[in-house]
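Undergrad: give me a model of this one.
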Amino acid sequence: MSDDLSRDDAMQIAMKFCGYRERSKKEVEDKLIAKSFNQKIIKVCIERLVELDFLNNIRFSKSFSRGKNNNNRWGKNKIKFHLKNKGLTDDEINIGIESIDEESYLNILKKNIELYNKKLKEPDRNKLIGHLINKGYEMDLILRYIS
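TA: Sure, this is the predicted structure:
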């Protein structure tokens, strides 16, 4: 198979992969590795996607951070952990985390507390704290809101 054909194939796969939601560079790289493309083609493909603004780690970080907070009710610690696993730098992660609206973040924390307490027959403070830590919320915020 010629390099040109492979590069075109890689671009097609990568563009389709990025087409329905934001992706990180590492996610695209992992996808192309799984499809058995060589490193040279993967590198060229990712550089081209960045040039075309199809791939942007900052945009991905913001989208992922807000989406996981709004839809999954995750806290900042859990979001940071997952972004790190998706190959983002600390700066890219911080920009994404800072894009979460603070008022919305606190309302979602309160909603987590409310939903968890509804599930339990008897409120259990320690279980609630454990649940919120698992969701990725910061201990000082948890203690402030469960009083």
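Undergrad: may I have the phi/psi pair for residue 55?
TA: Dihedral angles of residue 55 (phi, psi; degrees, to the nearest 10) stand at phi -130, psi 120.
Undergrad: what are the structural domain limits within the chain?
TA: What automatic domain parsing lists as the domains of the chain is 3-55, 57-147.
Undergrad: give the buried residues for the helix or strand of the chain with the lowest mean pLDDT.
TA: Ranking every helix and strand in the chain by mean pLDDT, DSSP states H and E puts helix 3-19 at the bottom, with a mean of 88. Across helix 3-19, burial judged by 16 or more other Cβ atoms under 10 Å covers 6, 7, 9, 10, 11, 13, 14, 15, 17, 18. Heads up, the C-betas are built off the backbone N, CA and C, glycines and all.
Undergrad: which elements pack onto it?
TA: helix 25-34, helix 39-51 (3 or more Cβ pairs under 8 Å, 6 or more residues apart in numbering; DSSP states H and E).
Undergrad: flag the shaky bits of the protein, pLDDT-wise.
TA: 1-5 (pLDDT under 70).
Undergrad: tell me, what residue is most central in it?
TA: A centroid search over the chain (Cα atoms, centre = their mean) returns residue 64, at 3.8 Å, as the residue closest to the centre.
Undergrad: hmm, that residue is touching residue 86, no?
TA: Yes. With contact defined as Cβ atoms under 8 Å, residue 64 reaches residue 86; the gap is 7.5 Å.
Undergrad: list the contacts of residue 55.
TA: By Cβ atoms under 8 Å, 6 or more residues apart in numbering, residue 55 lies in contact with 14, 18, 23, 25, 28, 46, 49.
Undergrad: in TSV, list those residues along with distance to residue 120.
TA: Below are these laid out as TSV (distance: Cβ to Cβ, whole Å):
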residue	distance to residue 120
14	46
18	42
23	38
25	42
28	42
46	47
49	47
